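*Asks:* Sharing a model that was predicted from the sequence below.
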Amino acid sequence: MKIEDFDLGTQARWCPGCADFNIWVTVRQALIELNIQPHELLAVYGIGCHGHMANMLKCYGFESLHGRSLPVAFGAKLANRNLNVIAVAGDGDCYGEGMSHFINTARTNADIALIVHNNMVYGLTTGQASPTSAKGYKSKVTPDGVFDVPVNPIALAISAGATFVSRAFAGNIPHLKQMIAEAIKHRGFALVDVLQPCITYNKINTYEFYYKRVYRLQDENFDTGDKMKAMEKAFEWGDRIPIGIFYREERETYEESFPQLKEKSLFEQGISNVNVDRLMEEFV
Amino acid sequence: MKIEDFDLGTQARWCPGCADFNIWVTVRQALIELNIQPHELLAVYGIGCHGHMANMLKCYGFESLHGRSLPVAFGAKLANRNLNVIAVAGDGDCYGEGMSHFINTARTNADIALIVHNNMVYGLTTGQASPTSAKGYKSKVTPDGVFDVPVNPIALAISAGATFVSRAFAGNIPHLKQMIAEAIKHRGFALVDVLQPCITYNKINTYEFYYKRVYRLQDENFDTGDKMKAMEKAFEWGDRIPIGIFYREERETYEESFPQLKEKSLFEQGISNVNVDRLMEEFV
Amino acid sequence: MPKLVWLIGGEAGFGIREAGVIFAKACSRAGYNVFGHVEYPSLIRGGHNIYQVSVDDEVFCQSRQINLLVALNAETIERHAKELTENGAIIYDSDAVSGASHENNIRSYPIPLSALAKESGGKDIVRNMVAIGASLSYAGLDFSFLEAVLKDEFRGKGQEIVSINLIAARKGYEHASDNFRDDFKFQIKARKMSSNRLVLTGNDAIGIGAIKAGCKFFAGYPMTPISALIHFMSAHAKEFGIVFRNASDEIEAINMAIGASYAGARSMTATSGGGFSLMVEAYGMAGMTETPVVIVEGTRTGPSTGLPTWTEQGDLRFVLHASQGEFPRIVAAPGDASECYYNTVEVFNLSEKYQVPAIILVDRHLAESHMSAEKFKTGERIPGHILKQEQLKRMENYRRFSFSETGISPRSVPGMQGGLFIANSYEHDEYGFYSEDPETVRKMKEKRMRKMESLIDEIPEPVLHGSEDADITLVAWGSTKLPALQAIRMLAKEGIKANLLQIIYMWPFKAERIEKILRNARQTLIAENNQTGQLAGLIREKTGIDIPNKLLKYDGRQFYAEEIADKVKQVLGER
Amino acid sequence: MPKLVWLIGGEAGFGIREAGVIFAKACSRAGYNVFGHVEYPSLIRGGHNIYQVSVDDEVFCQSRQINLLVALNAETIERHAKELTENGAIIYDSDAVSGASHENNIRSYPIPLSALAKESGGKDIVRNMVAIGASLSYAGLDFSFLEAVLKDEFRGKGQEIVSINLIAARKGYEHASDNFRDDFKFQIKARKMSSNRLVLTGNDAIGIGAIKAGCKFFAGYPMTPISALIHFMSAHAKEFGIVFRNASDEIEAINMAIGASYAGARSMTATSGGGFSLMVEAYGMAGMTETPVVIVEGTRTGPSTGLPTWTEQGDLRFVLHASQGEFPRIVAAPGDASECYYNTVEVFNLSEKYQVPAIILVDRHLAESHMSAEKFKTGERIPGHILKQEQLKRMENYRRFSFSETGISPRSVPGMQGGLFIANSYEHDEYGFYSEDPETVRKMKEKRMRKMESLIDEIPEPVLHGSEDADITLVAWGSTKLPALQAIRMLAKEGIKANLLQIIYMWPFKAERIEKILRNARQTLIAENNQTGQLAGLIREKTGIDIPNKLLKYDGRQFYAEEIADKVKQVLGER
Ligand SMILES: Cc1ncc(C[n+]2csc(CCOP(=O)(O)OP(=O)(O)O)c2C)c(N)n1
Ligand SMILES: Cc1ncc(C[n+]2csc(CCOP(=O)(O)OP(=O)(O)O)c2C)c(N)n1
Ligand code: SF4
Ligand code: SF4
Ligand SMILES: [Mg+2]
Ligand SMILES: [Mg+2]
């Protein structure tokens, strides 16, 4: 497998220099490392700049609706538990429109890796503030700055019961690759919240901004099994911004809970000759 | 003001013995304590057994949609910031269908008191598991028990940035009254998650269950200003279940952030003669 | 009027519905057709609940009058005694109710239901079984019919429960047999039993149909009137290798169903109008990505939350046009339990074959009423429409959305080699890539819509019930079919020849055949359980025919047959 | 063809739209009508963008051919040179593009745009200003028109920006004046200026209308094509005492708007079809609770995500029937910028007066194209329809949902003494209490629906543009009005008399007048920017008239006037 095997060869739809390119490259590197074939992978996208990856990453792709990548991915995973399923989302997409799915899918521990292109802005609709935009962030829809406190995806994911909660920075490709590979490998729901500079609209959370601030949790010998420590780190956001795995836990996945999926995936079960005569007996 | 002043005198629509009665009584007690008049109060309800309170509590009422009490309440508060606005919701309503509003309204710190009748079951639709039902909970929709971990409203509210986060038990009316009164008084978004036994469908989380387990945080000299302590308590659920205020913080409310609301509420602003001629100049 | 109309009433929580279904099944086993009609408010305990069973050789709907009233509380008598026919009777709990009035030759049969229940060793709730036992005795049927039903019904709950209920029923039966037995005028006699008859609701029949059709994934969120369907699917999921998911909301439910279908499992969701409102966006995505999915929409009295536990046919236009833009879809509205079964199987097959979303539109009256049906013919082989790996291997340059002649393009699913594509909610080319090229856009839209052309040929023709030669042709859909059929029989007795044009497939719409029938009709009358005559509007839009006589009812109740029959007479009189 | 058609093209990020608007305004100030048409893909940078300005005494729509092409890159020439008329010209950046072809007597004017931009002290992007300067010179207009526009446009950005742009534009103007000045054949001359003309989009006009109408609360979620309206409201909120909320999603947006309206603030939201899908449930709640709310639905090419930046009229039926059950509503589809203003004001008033939700349906072509309009008459006093505290005090036993004759019941808002009620999404009685009593249900439904009877009298009649005496009557709605009007003028030049029936109010529907016009027409042709002829269907449903000649376009583009004119000739030829 080489990186081109995952390249559809189409023209990119991102602004030159956009950090989405980095994520695209890195996802492919991770897939090669994990030795996954294009047809074994299903990537479900939301709508936003991040979603343009659908036209570029060679695999089974589902460009769904704004905010809905997770439930589509979840349904597909249940239908065919042999697939590797990733969901690619945006911050508006996943933490605004799709917030409910984010929390509620995390609770199930379905085996899905969720990669959020968190650029703290609505890129594709030309730069409005998003749920992760900082308080005070000015944009066309917040001329006096955002009044709300931003969504804290890490704290919410941990609170919701996600079993793998991580953050990466699109400016650090080797680390990002590691996070994505770990997330895909993880048995259960895995979040990679990717700090992704939008070079066109977000003049605050730039590459520079992050280069100065991010540090790797692993460098501090961090215990990824301690929920409360993870929470503390989740609220650290200022001169220092942690990246890496905040929390990891092993728990039965949602799919594994179904005895009816033990033998065969749903897709493999026959439909031509289901016998319902027994059922009718209930109604005599 | 007496308790009857808030009574519409209609026939109750709850099962005899339902803890919703306790909440109804307690809300009225709290209103009297706060000296709020019926016409100064707007209560917005979701759809569920909890929502039946709309036909019983004398005030301006809005029986909205399943899951939507918060945004309706939020809009009303912005239109008339002089109103006391409470949202009355169910666990299915607020933490399932309305999860996104729960997180996203908490972030705004709009001055709304949210009272959730958390009976860990869908009451009105005859007893299906809800997002707060325990893992393993059996019901018509979960014959093999719930596979997901339950929603943790306290942890989520704190993670989301709520400035008043509390839990009460419908079997302890004086304490419940105190929580509701504090929540209404609180300047900003205030959650009272009420443990509410559904005597018809939930055979696990009964009065008995809670009588044995609940204890009051205040009795332990708990510091309500420490987010991490609050988080720790948020995850305590077992032989001991804390009730009381987990976290409290002062922050500017959403309404206060608008200079245009300083003088008059929206409702008070004139509409008959808005001059838009200046606006047209932009288009010459 | 049917041979026997029985009604039991009491508070929510008294086991009214359970009692009704058991009584209905006992009568069915005694060789009769039944129609079981339930009324209950949207609360869990304390409101007034009733269950009415009409029993006859042929019976299609609820009845306006009753012969035998079972009153578990005084309110039932207050409300329903006036519905009794002459010589009708009231069975009431002499332990709970002080007495019943005796107008119109009404008999009253006080029975110590509570005491007998206690004697049987059961809780107070088994009063309902005592009452059924007594009812069966007055109805003139052998206890064995009831015994058999009770054994089957309670088997799952263990031997003790079975026997308590049996004892209670028998005590009621015996008490009745010992008192006033021959006083009751509406006795029916058991007839040659047919083992081919079911008693079930629309929900039940859809559930069986879905399982038969190979539904492997179901995600739903509870909502009256389809909660029972959700419970049915959930209860049978493990047994039939189905994954059932109690979703967090309707948006999750339908998006999951689409995801599961995309990955190769026949998938379904169910909801009522309010929940469907939340599914509208994803419904369009299924249309755009050509992903099959079956949605059951059970309507109740609208608008908005409306009356959750009452009926209406107010969502026809809504489901026909829901979601932005234009895409092919299927909307079928069965009219009775049998049709619920057969249409569900059919719609699953069509949805997969044509790769379009499909809606099964039922109203609460059909979804929750029990009715007799012939046992379903379940032998049909279900055809699969997904490419096999071998077929795919033989295809070069696979294009998932190829501009095929029929509009149907061969479909791969994830995991297959050589079948990669993008399911794209954006407009796209044959591979699924985003495209805004005007030619591609036009051709892709035409390709999708082309499916409707073969689809309309494949769906069955609308049915004309009754003889071609009629003084008047009724038009109805959904559960209004039922009182309409009953009305036709009533009218026949008065020498009035009426037939019924029932429309099941609303989209695509068989305009030609419908136009022909209507143009040939001597007189027409459309009956709809809504305020604006939605089907009448659709017929006019598609055929130009304006049906001048409209009978509309929109108070949360389905028509009584008499209402339709009366209107027919009025219309014919006016002629 | 208009006197001058100018087109600028380049990559996204080159400031194409900005340039186009400025050029359009300069021509407007020189005394002409303009139509500015934008095309851009759904991405932020790199895709091909164009802006076309048509200039004439009267001009209604985009043009198929152009006279003056401004190419900021080579791709623009490749794509658009073929659209040039004979004697047309290409201005291109001689620093960036190697050369332009010279077929068909096409002139080419190489101008060192990049170099001149640099000389002006601006970034590369001010190439666009240099290009406009040059364009104005070729167009034969005085620089002062452009100067005035630039000063106004950039005032907010500070003196430095103003002067850089002015210098750049002037350099372009001068360079052009010094080279090939008289070579260009399509010069227009400045005319007596009218100070009463605006150049604006449908979005802009709706925004002004909403503010005029007293809109005090706006919650929205960005979505093409109404994002610009959202930005407009946000930008002006503080100034006009409006609360603007950038909601977390569309469900929040509409529910907030309903809450705000319920509490007494005129409220609004805006979205496209996909977002409206998510608003459907709350839309019905507004109907049920009789809460006014105004929803702008800006359609784009569907279904589903479709083509976000392209146009279509695919959502008419969707908005007419969205949400479960039946309730009164208003749907208005303005056809140009003026109508956007006046209809918005009108719809706000009607929505509040009748206490019904209202939809303003626009398509992306109308929402985002710039067009000339007379300055709006803004003097109108806006009537309020909420009870005053004094009035309420005089009322005894206030019933919010009283069964009034008109169906309109006097409305209190929270905070008022004596006005308590329940806004109930369940069916309810006159006070708002839940009720399932059949009489109450029927009466409440009838009360609500009764509003439509007076409403239909209050809305304006559909407009017949042009002379009553015509060989053919066109039927169109929304932005299709624009090419239809242009087509009528084209046809008139060829001696063909056509007029246009434009339908704005879709619900309630003025069936009588429409039927009369159509029955009297000698020939009819309906043009719609969709695949299924949705208005044609509605007309047939409401009047029985089937318009046989349908011209449908659904490739994401609005009609050119020529397409309609050609079809008219074909239809008349066929006669
Ligand atoms: C239901 C719905 N609402 C709104 C939109 C319009 N829309 C498209 S992308 C987008 C925001 C994208 O922001 P984000 O998810 O952060 O992705 P990014 O572009 O920043 O990668 C919006 C609002 C839509 N397509 N669907
Ligand atoms: C959109 C929508 N989906 C589903 C329903 C049906 N429904 C009514 S109440 C309810 C659940 C109520 O549970 P909860 O919110 O916990 O309230 P409770 O009855 O327990 O107080 C549901 C699913 C609805 N009314 N609207
Ligand atoms: S707008 Fe921002 S996120 Fe989108 S492609 Fe451009 S740089 Fe990337
Ligand atoms: S079902 Fe449960 S929550 Fe609802 S009224 Fe009865 S006891 Fe209360
Ligand atoms: Mg983003
Ligand atoms: Mg509950």
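*Replies:* Done, it's in. Residues are numbered from 1 along each chain as shown, chains lettered A, B, ... in the order given. Ligands and ions are numbered 1, 2, ... in the order given.
*Asks:* tell me the phi and psi of the residue of the stretch 351-500 of chain C found nearest ligand 4?
*Replies:* In the stretch 351-500 of chain C, no residue comes nearer to ligand 4 than residue C:368, which is 19.1 Å away by CB to the nearest ligand atom. Glycine gets a C-beta too; all of them are placed from N, C-alpha and C. Note on residue C:368: backbone dihedrals following degrees, to the nearest 10 are phi -120, psi -10.
*Asks:* Thought residue C:203 was touching it, still the case?
*Replies:* Yes: Residue C:368 sits in contact with residue C:203 when judged by CB atoms under 8 Å, with a separation of 6.8 Å.
*Asks:* So which elements touch whatever helix or strand residue C:7 lives in?
*Replies:* Applying DSSP states H and E as the criterion places residue C:7 in strand C:4-11. Helices and strands in packing contact with strand C:4-11 are listed as helix C:16-29, strand C:48-56, strand C:66-71, helix C:74-80, helix C:127-139; criterion 3 or more CB pairs under 8 Å, 6 or more residues apart in numbering or on different chains; DSSP states H and E.
*Asks:* Taking the stretch 401-550 of chain C, what residue is nearest to ligand 2?
*Replies:* residue C:530 (20.0 Å).
*Asks:* Same check on chain A?
*Replies:* residue A:100 (12.7 Å).
*Asks:* Would you mind measuring from residue C:517 to residue C:473?
*Replies:* 7 Å (CB to CB, to the nearest Å).
*Asks:* Can you work out which residues contact both of the two?
*Replies:* When contacts are counted by CB atoms under 8 Å, 6 or more residues apart in numbering or on different chains, residue C:517 and residue C:473 have C:464, C:501 as shared neighbours.
*Asks:* Keeping just the C-alphas, turn stretch C:565-575 into CSV.
*Replies:* As requested, C-alpha coordinates have been extracted for stretch C:565-575 and formatted as CSV (Å, rounded to 0.1, in the frame of the first residue of the first chain):
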residue,chain,number,x,y,z
ALA,C,565,-74.2,5.8,4.4
ASP,C,566,-76.3,8.8,5.4
LYS,C,567,-74.2,11.0,3.2
VAL,C,568,-74.6,8.7,0.3
LYS,C,569,-78.3,8.8,0.7
GLN,C,570,-78.2,12.6,0.9
VAL,C,571,-76.1,12.8,-2.2
LEU,C,572,-78.3,10.4,-4.2
GLY,C,573,-81.4,12.2,-3.0
GLU,C,574,-80.0,15.5,-4.2
ARG,C,575,-79.5,14.1,-7.6
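*Asks:* Centre of the chain to it, how far?
*Replies:* On the basis of CA atoms, centre = their mean, to the nearest Å, stretch C:565-575 is displaced by 29 Å from the centre of the chain it belongs to.
*Asks:* I believe residue C:271 is in a strand; please confirm or correct that.
*Replies:* Yes: under the criterion used here (DSSP: H, G, I helix; E, B strand; the rest coil), residue C:271 sits inside a strand.
*Asks:* Tell me how far it lies from ligand 3.
*Replies:* Computed with CB to the nearest ligand atom, to the nearest Å, the distance linking residue C:271 and ligand 3 is 35 Å.
*Asks:* quick one: that residue and residue C:295 touch, right?
*Replies:* Yes: contact criterion CB under 8 Å: residue C:271 and residue C:295 qualify, at 7.3 Å.
*Asks:* Can you check which residues contact both of these two?
*Replies:* residue C:279.
*Asks:* rewinding a little: what helix or strand is the residue of chain A closest to ligand 2 on?
*Replies:* Counting by DSSP H and E, residue A:100 is found in helix A:99-108.
*Asks:* coming back round to it: sort out which residues of the strand holding residue C:7 are buried, please.
*Replies:* Buried residues in strand C:4-11, counted by 16 or more other CB atoms under 10 Å in any protein chain shown: C:4-10.
*Asks:* what do you get for stretch C:62-80?
*Replies:* C:62-63, C:65-73, C:76-77, C:80.
*Asks:* would you put the C-alpha positions of it in PDB?
*Replies:* Taking C-alpha atoms only, stretch C:62-80 is exported to PDB below (Å, rounded to 0.1, in the frame of the first residue of the first chain):
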ATOM      1  CA  GLN C  62     -66.300   0.200  15.000                       C
ATOM      2  CA  SER C  63     -70.000   0.600  15.700                       C
ATOM      3  CA  ARG C  64     -72.000   3.500  16.900                       C
ATOM      4  CA  GLN C  65     -74.300   1.400  19.100                       C
ATOM      5  CA  ILE C  66     -73.600  -1.500  21.400                       C
ATOM      6  CA  ASN C  67     -75.400  -4.400  22.900                       C
ATOM      7  CA  LEU C  68     -73.300  -5.400  25.800                       C
ATOM      8  CA  LEU C  69     -71.500  -2.900  28.000                       C
ATOM      9  CA  VAL C  70     -69.000  -3.900  30.600                       C
ATOM     10  CA  ALA C  71     -68.500  -1.200  33.200                       C
ATOM     11  CA  LEU C  72     -65.600  -1.400  35.500                       C
ATOM     12  CA  ASN C  73     -66.500   2.000  36.900                       C
ATOM     13  CA  ALA C  74     -69.600   4.200  37.100                       C
ATOM     14  CA  GLU C  75     -68.200   6.700  34.600                       C
ATOM     15  CA  THR C  76     -68.400   4.000  31.900                       C
ATOM     16  CA  ILE C  77     -72.200   3.700  32.500                       C
ATOM     17  CA  GLU C  78     -72.600   7.500  32.500                       C
ATOM     18  CA  ARG C  79     -70.800   7.800  29.200                       C
ATOM     19  CA  HIS C  80     -71.900   4.700  27.300                       C
END
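*Asks:* That concludes my questions; thank you for your assistance.
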